[in-house]
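# Just a sequence and a predicted model for now, questions to come.
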Amino acid sequence: MTNKPILDIRNLNVIYETPTGPIVAIRDLSVSLETNQALGIIGESGCGKSTLSYAILDYLPANARRSGSIVFNREDLLLKNDREMQKYRGDRIAMVYQNPYSALNPSLTIGAQLDEVTRIHRGLSRAEARRESIGALKDLSLGEAEGIVLRYPHQVSGGIQQRICIAMALLCQPDVMILDEPTTALDVTTEASILDIIGELKSKRKMSLIYISHDIGVINKVSDRIVVMYRGEIVELGPQEELFNHPKHPYTRALINCMPRSGIKKETARLNTIPGYVTRRSADEKGCPFAARCEKKNAACEEQYGLRNIEDGHFAACDRAYATDIPDKMTFAPLIARTPRETAPSSGEAPKPRPDQVPPLLELREVYKYYRNRARTVRALDGVNARLDAHDVLGVVGESGCGKSTMGHLVAGLLEPTGGNLLFDGSDISQNWKKRAGATIRDIQLVFQNPGRSLNPSFSVEQILDRPIKKMLKITSRRERRALMIDLLKKVDLGEEYLARPSTRLSGGEKQRIAVARAFVTSPRLIVCDEPTSALDVSVQASVLNLLGELQEQSHTSYIFISHDLNVINYISDHIMVMYLGRVCEYGLRDDVVNPPYHPYTEALLSAAPDVDPAHRRQPIRLEGAPPNPSEKIAGCPFASRCHKKITGLCETTRPPKKQLSPTHYIFCHLNEDKLRGAAHL
Amino acid sequence: MKRIMYIARHNPLIFPALFIMAFWLAAAVVGPSLTHFSYTGMDMDHQMTGPGVGGHLVGTDSLGRDIWARIVYGSRSILTIALLTSLFSSLAGVMLGFTAGYFGGRVDALFLRFMDIMMAVPPLVLSMVVLGVLGNSNILTLTLIVSIAYTPATARVARGALLGCKNIEYVDAARLRGESHLYIMFREILPNTIGPIIVEVTARFAYSIMMVASLGFLGVGLQPPTPDWGMMVIENKTIIKAAPWAVLYPSLAIASLVIAISLFSDFLGKVVLRDQ
């Protein structure tokens, strides 16, 4: 830590002038970045992380005002005019954005866009520039770089697009690279390999990084020092290991504790939550930014606060940061006792009855769903068999494009299968909403991913809840409907006063609660939850997961819970189904699936899932390349092209057999059981 | 409210625009009772006299008719026609555009081709031809024909607005509880497209005034002696050197109203569209 800082931000303030008065986006923020250091910035959305990165490059909207100083190589960037700033942007400080697809120009080839960088910034000739571009791509482990430069952005996968963006940033040989949520839009396995590459680059190039993310696990993997931001201020700052092992600020602790992770399951623990949500900060507000949501606040919090040094290099903005009464390691609230199942003798230790002994609530038999247009046929579901028991949560996990949402929409009735049957309680429901019986419609409900889109923005909460009650329950009395609505709101921990509120005035978490309440209007027997927490912040995700878990206990409803996040699935599910490219890889009780023997794909997913344990920086299994084109017919195992354990000559040509490993667990794979068990590195 | 004032402060042109609109609205409602001249009365002592002479506020035309009285009476017909036109064409446009966009596929393709054909003929030419054939035009025929001529454009706007909302999940949620197409179109989607549609109605209002004035100018609008702004311009064209006010003031009336409404429409766009 004797390095001179390459970037030194002192007392930075960013204020937005808005019709409703000034809003403080960043207040009195000081932080420095040393050479060859990775600074991780973490916080929920609206905490000013991206504003900070844009402030460094002076990319803020016109109504923003900056004050303080940003010293880069002894020059204050705040004093530069736009023309002078142009010398820093890209050349000295490069940036990688969240969505690679919108950061690349779709009408130019990848090579043209990469060459442009060196030709403009470094004045290279066409041939030299092309050589540099190919070299940069090869540095990022893109083997067939010569081919990639000739293609257009839409012809390569998201992971490769992001690597191209990183290559573009590297071509200028910047001193500082700012990465603003570079992997948020990507799948976990892709994310893992990008993070790997970023780590390699840092050590190879002696570059300084600023890495912004809302995901603690990701920050944990890449950073040397970590900044925790809340409402535009730094609340804690410290070295990676120290900060994760001994978090001092209540916000940091809360944030770490609300992450679902391996070992935390709904039967043994409830996730910690942070009540309330991030609010805007007005210019005249005083006191600790977190005071309103802090469980441990006292009178002093409203007045004085500020970063103080706790140990060497570890700062926290809290009076009680010294206190030892708070246990260091995460603690979890006691959970509600799991009510005995109706169909199973008891939960926990006792073995569940064999699947064939209880009639399933839902069964999928050889379900196919093809999307056809003139040019091609996309095989979204390619012969899926699955079952779901009453009062059971089936977690469906897989990367984007694996068909998990399609499956959910088929069950909910938004789509019709191309082939195969869906049986609900013994009766065939392989039709969409147009042809389904009223009883089926009432029995199967759907909770969507983004509550901002699934609740009509023109309606109030009352209108949103009232209509389904009227339409599906046919209750005519206004008073009865109102009583039912209040009841539903109580179920999702919201008060009566919410009825009058317009849905647009709710926070993300409140919106999703309303969406959940709407799904429970008809007391359905099955709810399809399609990524219900992926659009939410971690603290809100925790409370929604707790809520869904509790409601499921109380109401004996079954869930199909779809998510790309294995940690979330692991927390909420009884059974897990792993899907890849429209086919099932593995199905079984949760503990069967997340422990060896694994399907190689499950193994890769598990190894890629970001973790919050600071000591646990495990090496993920790198899945090379993209999933095969879903419009091509695959003769063998769909995962063969990326599998790290594949048997050459067999996996590509022959469909993997179903291997029943236990009465509750099966895997589709050619490998024998010992091979599947041999996952030594985990 | 605070936001509207903020936007108004940053777009100060809205204030004169509102004033002009209020002025013409007042003129149409109470104007006739404030002038003692009738729009047909010929003052034989004052023909082609300038503003102020003989109590004629902005002068007289070649027949000695009071120009101010004619403008004031003319504002009634032009405002009525334009208002009805913008309402009718928007209503028809929403119906057509929503149906086409909502059902998509062949319905939509058919609709689009039909609209292309309609739009290939400029609305002014279309209206002129139809009115010319019909001969004697009155407020009713004028309203009807201009509405029809403008419907394709509004239908396209409505269709576009619907397409922006059609694939949002709240529509799926409504389907999954078995709602009818009509309910989904008009209760779930319409409120979320009302912003662009309101802007379209006000913009259409300005276009309609222009159109009615143009038709009057071309002689297929309201028939004499009913005063009509466009017609007043062409009537007095021959005396433009001797009595420029007879052309100037009706032209000013048209221009001020059209510009004011256009400014208002832009402002409204900034207010309602930012919310979405």
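That came through, no problem. Numbering: from 1, shown residues only, chains lettered A, B, ... in the order given.
# and the residue in the stretch 1-150 of chain B positioned nearest to chain A, what helix or strand is that in?
Residue nearest to chain A within the stretch 1-150 of chain B: residue B:6 (3.4 Å; CB to the nearest CB). C-betas here are computed from N, CA, C, even on glycine. In this structure, residue B:6 sits in helix B:2-10 according to DSSP states H and E.
# Give me the distance from that helix to the chain's centre.
Between the centre of helix B:2-10 and the centre of its chain there are 26 Å (CA atoms, centre = their mean, to the nearest Å).
# do stretch A:46-58 as well
21 Å.
# contacting residues around that stretch?
Contacting residues not belonging to stretch A:46-58 are listed as A:7, A:9, A:12, A:14, A:25-26, A:29, A:41-43, A:60, A:64, A:66, A:70, A:77, A:80, A:82, A:85, A:88-89, A:93, A:95, A:178, A:180-181, A:210, A:212, A:214, A:229-233, A:278, A:280 [CB atoms under 8 Å, 6 or more residues apart in numbering or on different chains].
# Now a PyMOL select for only the buried ones of those.
Applying 16 or more other CB atoms under 10 Å in any protein chain shown to these, the buried members can be selected in PyMOL as follows:
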select buried, chain A and resi 7+9+12+14+25+26+29+41+42+43+64+66+70+77+80+88+89+93+95+178+180+181+210+212+214+229+230+231+232+233+278
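# So the residue of the stretch 1-150 of chain B closest to chain A is in contact with residue A:19, correct?
Yes - the pair residue B:6 / residue A:19 is scored as a contact, 3.4 Å apart, by CB atoms under 8 Å.
# In space, what's closest to the residue in the stretch 51-200 of chain B that chain A sits nearest to - neighbours in sequence excluded?
Going by CB to the nearest CB, chain A is nearest to residue B:191 of the stretch 51-200 of chain B, at 3.5 Å. Spatial nearest neighbour of residue B:191, excluding adjacent residues (CB to CB, 6 or more residues apart in numbering or on different chains): residue A:458 at 3.5 Å.
# Give the burial count for the one you found, as a bare number.
By other CB atoms under 10 Å in any protein chain shown, the residues close to residue A:458 number 19.
# I'd assumed residue B:192 was in contact with it.
Yes - using CB under 8 Å, residue A:458 is in contact with residue B:192, at 5.3 Å.
# Got phi/psi on the residue of chain A most remote from its centre?
Within chain A, the residue lying farthest from the chain centre (CA atoms, centre = their mean) is residue A:477, at 42.5 Å. Dihedral angles of residue A:477 (phi, psi; degrees, to the nearest 10) stand at phi -70, psi 130.
# Please list the residues of the stretch 501-650 of chain A that sit near chain B.
Within the stretch 501-650 of chain A, the positions lying close to chain B (CB under 8 Å from any CB of the partner chain) are residue A:518.
# the helices in the stretch 501-650 of chain A, which residues?
A:508-519, A:538-555, A:566-572, A:590-594, A:600-608 (DSSP state H, counting those that start in this stretch).
# isn't there a strand covering residue A:173?
No - under DSSP: H, G, I helix; E, B strand; the rest coil, residue A:173 sits outside any strand and is assigned coil.
# can you map out the helices along the stretch 301-450 of chain A?
With DSSP H, counting those that start in this stretch as the criterion, the stretch 301-450 of chain A has helices at A:404-412, A:438-443.
# looking at these, which is buried most?
Greatest average neighbour count among the helices of the stretch 301-450 of chain A goes to helix A:404-412 (a mean of 24), per mean count of other CB atoms under 10 Å in any protein chain shown.
# and stretch A:26-34, C-alpha only, in CSV?
What follows is stretch A:26-34, C-alpha atoms only, in CSV (Å, rounded to 0.1, in the frame of the first residue of the first chain):
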residue,chain,number,x,y,z
ILE,A,26,-22.9,11.8,-4.4
ARG,A,27,-22.0,13.6,-1.2
ASP,A,28,-18.6,14.4,0.1
LEU,A,29,-17.0,11.3,-1.3
SER,A,30,-13.3,10.7,-1.0
VAL,A,31,-11.5,7.6,-2.2
SER,A,32,-8.2,6.8,-3.9
LEU,A,33,-7.2,4.1,-6.3
GLU,A,34,-3.6,2.9,-6.4
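# Off-centre distance for that stretch?
The answer for stretch A:26-34 is 27 Å, by CA atoms, centre = their mean.
# Give me the contact list for it.
Defining contact as CB under 8 Å, 6+ apart, one finds that stretch A:26-34 is touched by A:1, A:3-14, A:39, A:48, A:51-52, A:55, A:68, A:176, A:208, A:210, A:227, A:232-234, A:237, A:281, A:289.
# Just the buried subset of those, please.
Buried among the contacts of stretch A:26-34 by 16+ other CB under 10 Å: A:5-9, A:12-14, A:39, A:48, A:51-52, A:55, A:68, A:176, A:208, A:210, A:227, A:232-234, A:237, A:281, A:289.
# what's the burial count for the residue nearest to residue A:184 when sequence neighbours are not counted?
For residue A:184, ignoring the flanking residues on the chain, the nearest one in space by CB to CB, 6+ apart is residue A:98 at 5.5 Å. By other CB under 10 Å, 19 other residues sit near residue A:98.
# Same question for residue B:151.
If you count neighbours by other CB under 10 Å, residue B:151 ends up with 23.
# What of the one 4 residues further on?
The burial count assigned to residue B:155 is 28, neighbours taken as other CB under 10 Å.
# gap between residue A:315 and chain B?
From residue A:315 over to chain B the distance is 39 Å, taken as CB to the nearest CB, to the nearest Å.
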